[in-house]
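Peer 1: give me coordinates for this.
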Amino acid sequence: MNVAACYFVYLAISVALTVWVARTLHENGRVFLVDAFHGNAELADSVNHLLVVGFYLINIGYIALALTTHAPLATLREAIELESTKIGVVLLILGGMHFFNIIIFAKMRHRSTQPEVIPPPRIA
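Peer 2: All right, here's what the predicted structure looks like:
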């Protein structure tokens with residue numbers, strides 16, 4: 001099996017998955033971010049865009065770093081196993097990043113819905 005062909009398949013699948021997940025998160029995350037930022041749509045859109053840029057940088061950076069193998073690929077089975085391992089790690093990273101972002105924004109939203117507690121005045 002040609003290693004270069006295996007690399008091209010890995011790149012095509014990994015980049016396509018990254019783009020699909022980033023677009024999905026960007027489109028569906030806006031409502032959540034607007035709520036987390038108390039209706040400030042401009043700030044929510046800005047944060048949403050920055051999250052997508054960071055998402056692309058981390059994922060495509062990892063995809064590029066993982067584009068190595070030292071094992072010869074003599075059979076189609078070995079190529080499929082290599083592809084599935086590499087793509088599986090990319091998917092785990094994508095899922096982990098999504099989960100981390102949801103936790104962060106859920107905490108932000110929770111804080112924003114809590115009533116503001118005014119401390120009692122100090123007596124001098």
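Peer 1: longest helix in this protein, by number of residues?
Peer 2: In the chain, taking DSSP state H as the definition, the longest helix is helix 76-113.
Peer 1: and that helix, what other elements does it pack with?
Peer 2: helix 3-36, helix 41-65 (3 or more CB pairs under 8 Å, 6 or more residues apart in numbering; DSSP states H and E). C-betas here are computed from N, CA, C, even on glycine.
Peer 1: how about a markdown table for those, with distance to residue 99 added?
Peer 2: Output for the helices and strands packed on helix 76-113, formatted as a markdown table (distance: least, CB to CB, whole Å):
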| stretch | distance to residue 99 |
| --- | --- |
| helix 3-36 | 12 |
| helix 41-65 | 13 |
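Peer 1: looking at these, which is nearest to residue 103?
Peer 2: Closest approach to residue 103 among these (CB to CB): helix 3-36, 12.2 Å.
Peer 1: which of the helices and strands packed on helix 76-113 sits closest to residue 122?
Peer 2: Across the helices and strands packed on helix 76-113, closest to residue 122 is helix 3-36 (CB to CB), at 32.7 Å.
Peer 1: which parts of that closest one are buried?
Peer 2: Using 16 or more other CB atoms under 10 Å as the test for burial, helix 3-36 gives 6-7, 9-10, 13-15, 17-18, 21-22, 25, 29, 32-34, 36.
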